[in-house]
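Visitor: what follows is a predicted protein model with its sequence.
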Amino acid sequence: MTVVVDTSALISLAVGAVLDQTLAAFDVVTTSTVIEELEETAEYDDRHGTAATTALRQTDALTVQDADGAPFETSRIDTGEASCVAAARDVDAAFLVTDDYRALPELEGLVDAEVVVSPIVLRALVKRGALSSADAETAFETIATGRDWLDAPIYRYARRLFDES
């Protein structure tokens, strides 16, 4: 199954220590723009910088595609997400994974792929037998804590979706 993953979701999956399992379970596609964003984030001396560095070390396990997302940029969709929209269209992806909560409604209207947040990937890993339910729950809470989601709308949204799936 082909999934396109943007910068925010790659960082979240690395924070949750489930990036390896994700890359093994899915055909993960991202864009050169996302790689550039990861490189910029990796310069920071914090948990997000560490997670970006982790993701960059795994680029040999993903397909990096040049995709011009310029037509899709809006006030809520940045350059990286826009490039992922173009990539999702190019590769006929089943899913576009992003953790930019504000951009979700617009992204859903731009691709045929299902647009999801990274915790849904955790549930998919459980369904594929790549992760136990307990490990998925731990990864979800680690992501939520590490990404400062606990008091944010994305946490409530992801929690509900995570629990439903």
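Guide: Alright, I've got the coordinates.
Visitor: who touches the nearest residue to Ala158 once chain neighbours are set aside in this structure?
Guide: Distances taken as Cβ to Cβ, 6 or more residues apart in numbering place Pro119 nearest to Ala158, at 4.3 Å, with adjacent residues excluded. Just so you know, the C-beta spots here come from the backbone N, C-alpha and C atoms, and that holds for glycine as well. With contacts defined as Cβ atoms under 8 Å, 6 or more residues apart in numbering, Pro119 is in contact with Phe140, Ile143, Ala158, Arg159, Leu161, Phe162.
Visitor: restricted to helices, list those.
Guide: Residues of the contacts of Pro119 located in helices (DSSP state H): Phe140, Ile143, Ala158, Arg159, Leu161, Phe162.
Visitor: what about the residues you listed, which one has the most neighbours?
Guide: Using other Cβ atoms under 10 Å as the neighbour criterion, Ile143 leads these with 27 neighbours.
Visitor: which stretches of the protein form helices?
Guide: Per DSSP H, the chain carries helices over the ranges 7-15, 19-25, 32-42, 47-56, 79-91, 104-108, 118-127, 133-146, 153-164.
Visitor: CSV for those helices, including mean pLDDT and distance to Val97?
Guide: Converted to CSV, the helices of the chain look like this (pLDDT from 0 to 100; distance: least, Cβ to Cβ, whole Å):
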stretch, mean pLDDT, distance to Val97
helix 7-15, 98, 4
helix 19-25, 97, 9
helix 32-42, 97, 11
helix 47-56, 97, 13
helix 79-91, 95, 9
helix 104-108, 94, 10
helix 118-127, 95, 6
helix 133-146, 96, 12
helix 153-164, 87, 12
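Visitor: highest mean neighbour count across those helices, which stretch is it?
Guide: Sort the helices of the chain by mean neighbour count, taking mean count of other Cβ atoms under 10 Å, and helix 7-15 sits at the top with a mean of 29.
Visitor: among the contacts of Pro119, give me the pair with the biggest separation.
Guide: Spatially, the most separated pair among the contacts of Pro119 is Ile143 and Leu161, at 13.1 Å (Cβ to Cβ).
Visitor: touching, Val5 and Thr30? I think so.
Guide: Yes. Contact status for Val5 versus Thr30: in contact at 5.5 Å, counting by Cβ atoms under 8 Å.
Visitor: ok, the two, which is more surrounded?
Guide: Higher neighbour count among Val5 and Thr30: Val5, with 31 against 28, using other Cβ under 10 Å.
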